[in-house]
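1. Starting from these lines, generate the structure:
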Amino acid sequence: MPFVQTGDYFDKARSIAASVLFASGAAAIIGAVLDWVTVEETPPNVPSDQLDRLPPLSGIEVVDGWYVIAAAAIIWVSAFFIVLRARALYSWLAFVASMVIGAIAVADYRDIDGLLSDVEGIGRGPEPGIGLLLVTAAAFVGVVAAVAGVAASPSRAGERAPRG
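-> You can find the predicted model right below:
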């Protein structure tokens, strides 16, 4: 029996875009709980009341990680509806959420010293951690996938791509 193909090229493109968006959202969530700030060295005479606040700090400890998780949840919901409803609106929503994640990641990269401002004097040479790098990459991939979802969606609100 030959392979029966359902849907058209745009259905497949939307499915791929939604899959990539889902992976992007997952990467952003994973990155939010990984290290965002690491330090080169910590001094041996750290006060005992600051031991729990020593770097490395995750995105959740920096607080911006919670915003990333919320935006990633929006990306997941959008990815689901991109396939289910085939509307460009959901791709645009994923695009905006990816831009928010990217803005947070770039702002934290630029102000890596500011993320350690409440633990002044602890460590030397703060650097971005793997979690912040993963969040930045997830935002970039999410933007590209969301644009692909927009391009593969019908142009008019009431129009649906033909099946079969």
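2. Just the buried residues of the one helix or strand residue 27 maps to, please?
-> Secondary structure assigned from DSSP states H and E places residue 27 in helix 9-33. Going by neighbour count (16 or more other CB atoms under 10 Å), the buried part of helix 9-33 is 11, 13-15, 17-18, 20-25, 27-32. To be clear about C-beta, it is placed using only N, CA and C from the backbone, and glycine gets the same treatment.
3. Could you do stretch 74-93 as well?
-> For stretch 74-93, the buried set under the neighbour-count rule, 16+ other CB under 10 Å, comprises 74-76, 78-79, 81-83, 86-88, 90-93.
4. Looking at the chain, which strand is longest?
-> strand 35-38 (DSSP state E).
5. partner strands of the lowest-mean-pLDDT helix or strand in the chain, parallel or antiparallel?
-> Ranked by mean pLDDT, DSSP states H and E, the weakest helix or strand in the chain is strand 57-58, scoring a mean of 73. Taking DSSP bridges as the criterion, strand 57-58 forms sheet pairs with strand 35-38 (antiparallel).
6. mind checking how far the strand it pairs with is from the chain centre?
-> Centroid displacement of strand 35-38 relative to its chain, using CA atoms, centre = their mean, to the nearest Å, is 16 Å.
7. same question, stretch 130-139
-> 7 Å.
8. Residue 17 versus the residue nearest the centre of the chain, what's the distance?
-> Nearest residue to the geometric centre of the chain (CA atoms, centre = their mean): residue 28, 3.4 Å. For residue 28, the distance to residue 17 (CB to CB, to the nearest Å) stands at 16 Å.
9. Same check on residue 33?
-> 26 Å.
10. And for residue 71?
-> Residue 71 is 17 Å from residue 17, where distance means CB to CB.
11. was I right about residue 130 contacting residue 34?
-> Yes - between residue 130 and residue 34 there is a contact at 5.5 Å, judged by CB atoms under 8 Å.
12. And these two? Which one has more around it.
-> residue 34 (19 against 14; other CB atoms under 10 Å).
13. For the more buried one, grab phi and psi.
-> The phi and psi values for residue 34, taken as degrees, to the nearest 10, are phi -90, psi 180.
14. Now it. Nearest residue, chain neighbours left out?
-> Excluding the flanking residues, the one nearest residue 34 by CB to CB, 6 or more residues apart in numbering is residue 131, at 3.0 Å.
15. related to what we said a few turns ago, what helices and strands are in contact with the helix holding residue 27?
-> Applying 3 or more CB pairs under 8 Å, 6 or more residues apart in numbering; DSSP states H and E, we find helix 9-33 packed against helix 59-62, helix 64-85, helix 88-110, helix 130-151.
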